[in-house]
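Undergrad: predicted model, plus sequence, below.
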Amino acid sequence: MLSDEQKKLGRRNFIKAVATVPPTGALLWKTSGMWPVRAGIIGIGGQGGVLMENAPPSHMRISAVCDIFPPNREKALKTAQERFDPNAVAYSDHRELLKRGDIEAVLIAAPLWMHEPLAIDALNAGKHVFTEKAMANSIDGCRRMIEAARSAGRHLQVGHQRNANPLYQEAYQLIREGVIGDVYHVRSLWHRNKSWRRAVPETDFDPSPWGYPDMEHLRNWRLYRKYSYGLNAELGTHHLQVVNWFTGKLPKAVYGSGGIYAYDDGREVEDHIYVTYEYPEGLTYTFSSIQTNAFDHFYEQFMGTEGTIILTREREAMLFSEGGQAAATELKTQAMGDAPLLEASESRVRDAAGSQVTGGGKSAASALRGYSKELEGFCRTIRYGSENLCDGPAAMNVCVPMIKAGESLDTGQKVDIPRNLYWT
Ligand SMILES: NC(=O)c1ccc[n+]([C@@H]2O[C@H](COP(=O)([O-])OP(=O)(O)OC[C@H]3O[C@@H](n4cnc5c(N)ncnc54)[C@H](O)[C@@H]3O)[C@@H](O)[C@H]2O)c1
């Protein structure tokens, strides 16, 4: 007999599973004996560490880690041995990791310029690939990655984690159902008050064999064009992906302005950018990212003829109605916490009228759950062929306007984006 406590837990697990797992996955879960997916990870600095902390051991066992920088490699090995596999092994050269026949999938969290070569090597070695966003630093590079995945018959997923965030999935449904009417304008921003420059550790390590002339370039790769597309790649692509997804449209032109306003310290990328994307059928999306004022921090705001949805910091959603009802409606602050999604969904029509508050209380949401859920999704795609949360074509269609925005920022000219540049 189950105790009351066990029943409560079982019911809660079921509601969560219904809310978050596609039906086939829920039925097959833990019945196949094929879990977890055996994985390796390449590039374990800030984000690689986040992925390792959030990868669910029930779905994924990380048995191999690779980083060129010894302290990061050693730290990652310790995490892998403690969290996933006491026999995990560390490598400095990704090609050695890829020789491992027992590794089915790799996670890539190296700097942007390495996403394409690492992913293609891994796909050619027969591994499934999850690579961090942005997908690659060239349009042709994105195409090569998609083609490599197709010819290898392996899955390629890109780490735009908002796709896996229940809050965004719910907001997507609301917008598609017309709750905020027709959307002609989206605005988003990512504002911070810091230089983005990291301290460079004192070390004898020479990264030049790996393409970084010194530790400054390895640590601060985001500030140099060889490795990075600056603020728009690192921050802007998160929002651009959501706008493409929610609207089902792709930008046809872009205009960017900005520059190095405050931190003229040898960096090659802007510290302030203002980018306007023109989508077809009357939709303009504006994005700004500045580094001298953190007011409002970061959010996406969808402005429709019937209302406005604001998604802030990957953890809160608000819905405002047009037409005199001034009060904000808190859509669901706990969608990423323990509250079942279904409760909030039932009252969505009343929410839309701006008269009902649901999901109240303090936000227990954790933006980190998005990472966990995207990796769960990656594993389900590998095991069951479940929907890929962000496949190569979707991610490439984020990179195309990001790269064209870079051209506009460089030239000061508006840049058209021909339809045939996209993967359609
Ligand atoms: N999805 C998100 O929210 C999110 C957040 C932060 C970063 N990112 C992405 O993650 C990636 C990494 O960013 P980060 O902040 O972790 O950078 P980082 O500099 O902290 O870490 C990069 C790591 O890669 C290693 N590395 C570099 N070249 C390598 C190579 N050839 N082989 C193996 N290891 C190599 C470095 O030594 C370092 O440990 C970037 O693409 C970034 O855009 C995504």
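TA: Received the coordinates, thanks. Residues are numbered from 1 along each chain as shown.
Undergrad: count the residues that sit near the residue in the chain that the ligand sits nearest to.
TA: Residue of the chain nearest the ligand, by CB to the nearest ligand atom: Gly45 (2.0 Å). For every residue, glycine as well, the C-beta is placed using N, CA and C. Gly45 has 19 neighbouring residues, counting by other CB atoms under 10 Å.
Undergrad: looks to me like Leu311 is in a strand.
TA: Yes - judged by DSSP: H, G, I helix; E, B strand; the rest coil, Leu311 forms part of a strand.
Undergrad: wait, doesn't it sit right on Leu167?
TA: Yes - between Leu311 and Leu167 there is a contact under CB atoms under 8 Å: 6.6 Å.
Undergrad: which neighbours do these two share?
TA: Taking CB atoms under 8 Å, 6 or more residues apart in numbering as the contact rule, Leu311 and Leu167 both touch Ala317.
Undergrad: where along the stretch 301-424 of the chain do the helices fall?
TA: Using DSSP state H, counting those that start in this stretch, the helices found in the stretch 301-424 of the chain span residues 341-346, 348-352, 369-384, 392-411.
Undergrad: how about the residues of the stretch 51-200 of the chain near the ligand?
TA: Within the stretch 51-200 of the chain, the positions lying close to the ligand (CB under 6 Å from any ligand atom) are 66-69, 72, 94, 109-112, 114, 132-133, 159, 161.
Undergrad: rewinding a little: and the helices of the stretch 301-424 of the chain as a markdown table, adding mean neighbour count?
TA: Below are these laid out as a markdown table (neighbours: other CB atoms under 10 Å):
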| stretch | mean neighbour count |
| --- | --- |
| helix 341-346 | 16 |
| helix 348-352 | 18 |
| helix 369-384 | 22 |
| helix 392-411 | 22 |
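Undergrad: those helices into CSV, with extra columns for distance to the ligand and mean pLDDT?
TA: Shown next, in CSV, are those (distance: least, CB to the nearest ligand atom, whole Å; pLDDT from 0 to 100):
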stretch, distance to the ligand, mean pLDDT
helix 341-346, 22, 27
helix 348-352, 28, 28
helix 369-384, 7, 95
helix 392-411, 12, 98
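Undergrad: among those helices, which is nearest Gly178?
TA: Gly178 lies closest, by CB to CB, to one member of the helices of the stretch 301-424 of the chain: helix 348-352, at 9.3 Å.
Undergrad: OK, contacts around the residue most central in space within the chain?
TA: What sits nearest the mean C-alpha location of the chain, by CA atoms, centre = their mean, is His160, with 2.2 Å. His160 makes contact with 133, 237-238, 241, 390, 394-395, 398 under the criterion CB under 8 Å, 6+ apart.
Undergrad: out of those residues, who's nearest Arg143?
TA: Arg143 has its nearest neighbour among the contacts of His160 in Ala395, at 11.6 Å by CB to CB.
Undergrad: Met114 - that's part of a helix, no?
TA: Yes - judged by three-state DSSP, Met114 forms part of a helix.
Undergrad: now do it, the pLDDT please.
TA: We have a pLDDT of 98 for Met114.
Undergrad: these two touch, right, it and Gly45?
TA: No - with contact defined as CB under 8 Å, Met114 does not reach Gly45; the gap is 11.8 Å.
Undergrad: now Cys66. Its backbone dihedrals?
TA: Phi and psi for Cys66, reported as degrees, to the nearest 10, are phi -140, psi 130.
Undergrad: give me the number of residues near it?
TA: Cys66 has 27 nearby residues by other CB under 10 Å.
Undergrad: residues in contact with it?
TA: Neighbouring residues of Cys66 by CB under 8 Å, 6+ apart: 40-44, 73, 90-94, 96-97.
Undergrad: which of those residues tops the neighbour count?
TA: Ile41 (30 neighbours).
Undergrad: count of neighbours near the spatially closest residue to Gln291 that is not a sequence neighbour?
TA: Leaving out its chain neighbours, the residue that sits closest to Gln291 by CB to CB, 6 or more residues apart in numbering is Asp271, at 4.5 Å. Residues lying near Asp271 (other CB under 10 Å) number 25.
Undergrad: what of Met318?
TA: If we define neighbours as other CB under 10 Å, then Met318 has 18 of them.
Undergrad: so which of the residues of the stretch 51-200 of the chain next to the ligand belong to strands?
TA: 66, 132, 159 (DSSP state E).
Undergrad: dump those to a markdown table, plus pLDDT.
TA: Conversion of these to a markdown table gives the following (pLDDT from 0 to 100):
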| residue | pLDDT |
| --- | --- |
| Cys66 | 99 |
| Glu132 | 98 |
| Gly159 | 98 |
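Undergrad: from memory Val200 sits against His217, does it?
TA: No - when contacts are counted by CB under 8 Å, Val200 is not listed as touching His217 (9.5 Å).
Undergrad: more crowded one of those two?
TA: In this view Val200 and His217 are compared by other CB under 10 Å, and His217 has more residues nearby, 19 against 13.
Undergrad: which strand or helix spans that one?
TA: In this structure, His217 sits in helix 215-219 according to DSSP states H and E.
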